[in-house]
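Visitor: predicted structure and sequence below. I'll ask about it afterward.
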Amino acid sequence: MTTEAYALGQHISMSAHKARRVIDQIRGRSYEETLMILELMPYRACYPIFKLVYSAAANASINMGSNKANLVISKAEVNQGTIVKRLKPRARGRSFAIQKPTCHITIVMKDISLGGYIDTDSITWSQKPKRKKKDTTMSYYDMYSNGGTWDKK
C-alpha cells in the first residue's frame, strides 16, 4: 500500500517562475496550514495551486482512506511547459510576437500516520553535516615600507 497521493496540473497559463514563488512557501507543510496560506496570499498563482492541493488531498482520502489532518505536502514542483506564441498587430502593417508561458505543477501528499515522515525543520544543527572552513590567513601590508605612492615623480 502506498503512502503517497499526487495531483498533476498541466498547461497552466502562467510563468513557472511566478508559480514557484508560491510553491516554495507551502512545501513541507501540513494540509490545513497550506490551505490557510494559499487563501491569504495575494498572488494569482494561488488559485490553481489551491485546486491541486485540494485534489491531491481528495485523492489521498479516497485511494488510501487517510484522514486529511494527517496529510503533509512531501513534494511540490513546478516545471516549465510549452510557450504559446501569438502575434499582435502593430502600426504600419507590422506584427509583434507575444509569448504566453505555461507550466506543469505537481503536488505529492504523504500520510504521516501510515509511513515515517521526517520533518527537516525538526533536525537540530548538531545533526546536520558540517562544512569545512577554508584556511585563510591575513597578511599584513605596510604601505609605508615601499616608500608609498607619493614619492614617485
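Guide: Thanks, I have the structure now.

Visitor: report all helices and strands that the longest helix belonging to the chain contacts.
Guide: Using DSSP state H, we find that the single longest helix of the chain is helix 46-63. Contacts defined by 3 or more Cβ pairs under 8 Å, 6 or more residues apart in numbering; DSSP states H and E place helix 46-63 against strand 4-12, helix 16-26, helix 31-40, strand 71-89, strand 95-111. Any C-beta I mention is one placed from the backbone N, CA and C, and that applies to glycine too.

Visitor: how about a cut-off of 7 Å?
Guide: Counting contacts by 3 or more Cβ pairs under 7 Å, 6 or more residues apart in numbering; DSSP states H and E, helix 46-63 packs against strand 4-12, helix 16-26, helix 31-40, strand 95-111.

Visitor: which one, of the ones you listed, ends up nearest to residue 51?
Guide: For the helices and strands packed on helix 46-63, proximity to residue 51 was assessed by Cβ to Cβ; strand 4-12 is nearest, at 7.5 Å.

Visitor: which strands and helices sit next to the closest one?
Guide: Looks like strand 4-12 contacts helix 46-63, strand 71-89, strand 95-111 (3+ Cβ pairs under 7 Å, 6+ apart).
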